[in-house]
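Undergrad: the sequence and its predicted three-dimensional model are supplied below.
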Amino acid sequence: MENNKKKILITGGAGFIGSHVVRLFVTKYPEYIIYNLDALTYAGNLENIKDLEAKGNYKFIKGDIKEGEFIRSLFKEFMFDAVVHLAAESHVDRSITHPNDFIETNVLGTANLLNAFKEIHSSSFEGKLFYHISTDEVYGSLGKTGLFTETTSYDPQSPYASSKAASDHLVRAYGNTYGMPYMISNCSNNYGANQFPEKLIPLFINNIKHSKSLPVYGDGNYTRDWLFVEDHANAIDEIFHKGKMGETYNIGGFNEWTNLNLIKLLCKLMDEKLNRTEGSSEKLITYVKDRAGHDRRYAIDATKLNQELGWKPSVTFEEGLEKTLDWYLANENWLDNVTSGSYQDYYEKMYN
Ligand code: NAD
Ligand code: DAU
């Protein structure tokens, strides 16, 4: 029986977004076998997908996409029908201090997956798909107006964004050169459960909880477009099943916030949740040295995805943020576990 099931490799499924995508695919599609390949870097956490361990259509594989020979033999063994590729180094600040880690995983790692997929389907790509998950950061930074569309020129500004842009180019090149069926989606800033507390929202939730200062980069008037992670996972599901081969889809929430306004909202909600005096968390705001090369504004035009595939976000920002805060407050162990050990070293180097 198992041999007839479609085999889907999801990379990076122990991370933030990947864990939501894996859960959605495993629970919604019992007719697929979902293989989750993850190296379990500092950002990968088996706790994020603990509830899936016993599912019959799910297998976890610990492995590194940088290791070309390993990837090659893995693909030969399992003959995956489709790949949903999320594994990446994902934090801009780390890309500023360790750019090569990003080039190796995001560029070389993606090339290894593409080569292995091409090799196992060299006779025919019929019914196969390589779906690459990317970011709006490949488009660079916007001025006060305008939105990124699927035809906006690439203009990546950080080592992270450049490595993701390079991986997008590689995927398109394999489509063009070898006829590999592919799709790419570029999404805006995600928030929700399981996000490593190096990123703005979980970092600030954790700091507010411990009454630690809230390090706002520069003047705080940088703008991001925020999307609830489960809505991103739903969009990936829609694109995977209904998208057109060779197409790119932008995913975003039409939900722009300056960092300062977002942080103030977060402080207000946390004061309410923790029964603290109104205004007490805002007092923790501390302006710190700006991020090098900090992109001023990102904003996604997700019209194509809405009009062609009917996708739209299912929650408002206020609803999504409330769910997110509740999750972090109810999962203190998760937060305590990931912020012990090497996290402390990272924090010291980054902020002190
Ligand atoms: P994350 O850092 O939380 O998770 C990345 C996962 O990839 C981790 O589980 C990690 O162990 C794994 N990984 C890293 N290097 C690996 C390697 N060499 N081999 C195998 N596994 C490896 O990242 P995330 O925020 O969940 O992002 C997932 C993807 O979505 C990335 O490709 C990212 O560029 C993209 N994306 C993220 C956002 C966002 O807001 N977080 C927005 C748009 C796009
Ligand atoms: O736009 C999509 C991208 O969003 C993804 O591709 C990345 O993987 C993801 O990390 C995210 O990138 P950002 O750099 O926008 O996210 P981050 O949470 O690091 O920062 C959000 C904003 O908050 C940004 O303007 C920098 C600022 N910031 C961040 C941190 C960690 C601060 O002011 N202080 C902080 O301590």
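TA: Ah, there it is. No experiment lies behind these values; they were computed from the predicted model shown. Residues are numbered from 1 along each chain as shown. Ligands and ions are numbered 1, 2, ... in the order given.

Undergrad: going forward, measure contacts between C-alpha atoms and count neighbours the same way
TA: Noted.

Undergrad: list the buried residues in stretch 120-136.
TA: For stretch 120-136, burial by neighbour count (16 or more other Cα atoms under 10 Å) applies to 120-121, 125, 128-136.

Undergrad: the residues you listed in strands, which ones?
TA: Secondary structure defined by DSSP state E assigns 129-135 of these to strands.

Undergrad: let me know the pLDDT of Glu2.
TA: For Glu2, the pLDDT comes out at 57.

Undergrad: same deal with Gly220?
TA: 98.

Undergrad: part of a strand, is it?
TA: No. Gly220 is assigned coil when assessed by DSSP: H, G, I helix; E, B strand; the rest coil, not a strand.

Undergrad: CA atoms of stretch 225-243 as CSV?
TA: Extracted C-alpha coordinates of stretch 225-243, given in CSV (Å, rounded to 0.1, in the frame of the first residue of the first chain):
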residue,chain,number,x,y,z
ASP,A,225,4.1,43.4,6.7
TRP,A,226,3.1,40.7,9.3
LEU,A,227,1.3,37.4,8.5
PHE,A,228,0.1,34.7,11.0
VAL,A,229,2.2,31.6,10.4
GLU,A,230,-0.8,29.2,10.0
ASP,A,231,-2.0,31.5,7.2
HIS,A,232,1.4,31.1,5.5
ALA,A,233,1.1,27.3,5.8
ASN,A,234,-2.4,27.5,4.3
ALA,A,235,-1.1,29.5,1.4
ILE,A,236,1.7,27.0,0.8
ASP,A,237,-1.0,24.2,0.8
GLU,A,238,-3.1,26.1,-1.8
ILE,A,239,-0.1,26.9,-4.0
PHE,A,240,1.2,23.3,-3.8
HIS,A,241,-2.1,21.9,-4.9
LYS,A,242,-3.5,24.5,-7.2
GLY,A,243,-0.6,26.7,-8.3
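
Undergrad: just the mean pLDDT for that stretch, thanks.
TA: For stretch 225-243, mean pLDDT rounds to 98.

Undergrad: could we number from 186 for the rest of this?
TA: Fine by me, first position is 186 from now on; the one you just mentioned is stretch 410-428.

Undergrad: before we move on, the earlier item: of the ones in strands among the buried residues of stretch 305-321, which ones also sit close to ligand 2?
TA: Restricting these to those within reach of ligand 2 (Cα under 6 Å from any ligand atom) leaves Thr320.

Undergrad: what is the nearest of the ones in strands among the buried residues of stretch 305-321 to ligand 1?
TA: Thr320 (3.9 Å; Cα to the nearest ligand atom).

Undergrad: quick check: closest non-adjacent residue to that closest one.
TA: Asn371 (4.2 Å; Cα to Cα, 6 or more residues apart in numbering).

Undergrad: you'd agree that neighbour is in a helix?
TA: No. Counting by three-state DSSP, Asn371 is not part of a helix but strand.

Undergrad: show me the beta-bridge partners of it.
TA: Taking DSSP bridges, one obtains Ser319, Asn435 as the residues bridged to Asn371.

Undergrad: same question, Leu314
TA: Leu314 forms beta bridges with Ala267, as assigned by DSSP bridges.

Undergrad: so it sits against Asp266, correct?
TA: Yes. Between Leu314 and Asp266 there is a contact under Cα atoms under 8 Å: 6.9 Å.

Undergrad: tell me which residues touch whichever residue of the stretch 436-537 of the chain sits closest to ligand 1, please.
TA: The stretch 436-537 of the chain approaches ligand 1 most closely through Ile436 (8.5 Å), counting by Cα to the nearest ligand atom. Shown in contact with Ile436 (Cα atoms under 8 Å, 6 or more residues apart in numbering): 370-373, 417, 420, 485-487, 490.

Undergrad: so which of the residues you listed also contact ligand 1?
TA: Checking those against ligand 1 by Cα under 6 Å from any ligand atom, the ones in range are 372-373.

Undergrad: want to throw the buried residues of stretch 305-321 into TSV with pLDDT and distance to ligand 1?
TA: Conversion of the buried residues of stretch 305-321 to TSV gives the following (pLDDT from 0 to 100; distance: Cα to the nearest ligand atom, whole Å):
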residue	pLDDT	distance to ligand 1
Ile305	98	20
His306	98	22
Phe310	98	24
Lys313	98	20
Leu314	98	17
Phe315	98	14
Tyr316	99	11
His317	99	8
Ile318	99	5
Ser319	99	5
Thr320	98	4
Asp321	98	6
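
Undergrad: good, wrapping up.
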